[in-house]
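Visitor: Predicted model follows, preceded by the sequence.
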Amino acid sequence: MAQPPRGDAERVGRAEQKRRTREALVAACRDLIRSGELVTMPAVAAGAGVSEATAYRHFPDLVTLANESLAGLWPTPEEALSPVADCADPVERAAFACEFLLRRVHAFQGSVRAVIAATIVRPGGAAARPGFRFGLIDTALDPVLPAPDDATRARLRQLKQDLAAVVSAEAFFTLTDLVGLRPDEAIASLTRTTRTVVAAGLAELDRTGR
């Protein structure tokens, strides 16, 4: 059987090595994410058995690597909210979404902190952060809060913006790191706040003719 030209074989070999290295980096990052430890590029590179420079050749920054590594570790918003799929109460649905998100943030806090830190020092990259909270909020409210007119849609949009400040990793870390609450206490506090925000938003929606 004829052998492929040497140049072609070398290119195939390099492509295969590149694929294996990339997969090793993603696997190492996932292991770190699951552990809850802080995710850094040096730690990921060490876990994959490559140099940090090699890691950066495959992924331009930590956010890009984290995004690819998180695929499959987080459920879709619909899967996350399946226990309240038949619930028609926006307050209960939003509260469930808040608690779900924050328990995941706590479990995977090493990667969440790393991504937040990376986008704080490089604000232009914030749009690349996973936006799981926004999908959860939409999925919690949209099925049970119809918005038939412009005024209702505007108020619902404002309610979602208000919730995004509460149903968030940043709010959770503020309460645990700065206020000194235990994780369960922080989750309970933000879940209560979510209920309050949604109840107030519903009252406003009723005044605008929901």
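Guide: Ah, there it is. Because the structure is predicted, anything quoted here is derived from the model rather than measured.
Visitor: and stretch 113-132, how far apart are its ends?
Guide: Stretch 113-132 has an end-to-end distance of 15 Å (CA to CA, to the nearest Å).
Visitor: Show me what the top helix by length along the chain is packed up against.
Guide: As assigned by DSSP state H, the longest helix anywhere in the chain is helix 6-35. Here helix 6-35 touches helix 41-48, helix 52-58, helix 62-70, helix 109-121, going by 3 or more CB pairs under 8 Å, 6 or more residues apart in numbering; DSSP states H and E. The C-beta positions use only the backbone N, C-alpha and C, and glycine is treated the same way.
Visitor: Quick one: closest of those to residue 18.
Guide: Nearest to residue 18 among the helices and strands packed on helix 6-35 is helix 52-58 (7.5 Å), distances taken as CB to CB.
Visitor: tell me the mean pLDDT for that closest one?
Guide: The pLDDT scores in helix 52-58 average 92.
Visitor: could we number from 786 for the rest of this?
Guide: In the new numbering, first residue 786, that becomes helix 837-843.
Visitor: Off-centre distance for it?
Guide: Mean-position distance between helix 837-843 and its chain equals 24 Å (CA atoms, centre = their mean, to the nearest Å).
Visitor: Quick one: residues in contact with it.
Guide: Counting by CB atoms under 8 Å, 6 or more residues apart in numbering, helix 837-843 makes contact with 803, 806, 807, 810, 826, 827, 829, 830, 833, 850, all of which sit outside it.
Visitor: one more time with 7 Å
Guide: 806, 807, 810, 826, 827, 829, 830 (CB atoms under 7 Å, 6 or more residues apart in numbering).
Visitor: for that helix, which positions count as buried?
Guide: Neighbour counts over helix 837-843 (16 or more other CB atoms under 10 Å) mark 840, 843 as buried.
Visitor: Extract the CA atoms of that helix and return them as PDB.
Guide: C-alpha atoms of helix 837-843 as PDB (Å, rounded to 0.1, in the frame of the first residue of the first chain):
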ATOM      1  CA  GLU A 837       1.600  27.700  30.200                       C
ATOM      2  CA  ALA A 838       2.800  29.000  26.900                       C
ATOM      3  CA  THR A 839       1.400  26.000  25.100                       C
ATOM      4  CA  ALA A 840      -2.000  26.500  26.900                       C
ATOM      5  CA  TYR A 841      -2.100  30.100  25.600                       C
ATOM      6  CA  ARG A 842      -1.400  28.900  22.100                       C
ATOM      7  CA  HIS A 843      -4.600  26.900  22.200                       C
END
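Visitor: closest one to residue 883 among the helices and strands packed on helix 791-820?
Guide: Closest approach to residue 883 among the helices and strands packed on helix 791-820 is made by helix 894-906 (15.2 Å; CB to CB).
Visitor: And the closest one, what does it pack against?
Guide: Counting contacts by 3 or more CB pairs under 7 Å, 6 or more residues apart in numbering; DSSP states H and E, helix 894-906 is packed against helix 791-820, helix 847-855, helix 954-958.
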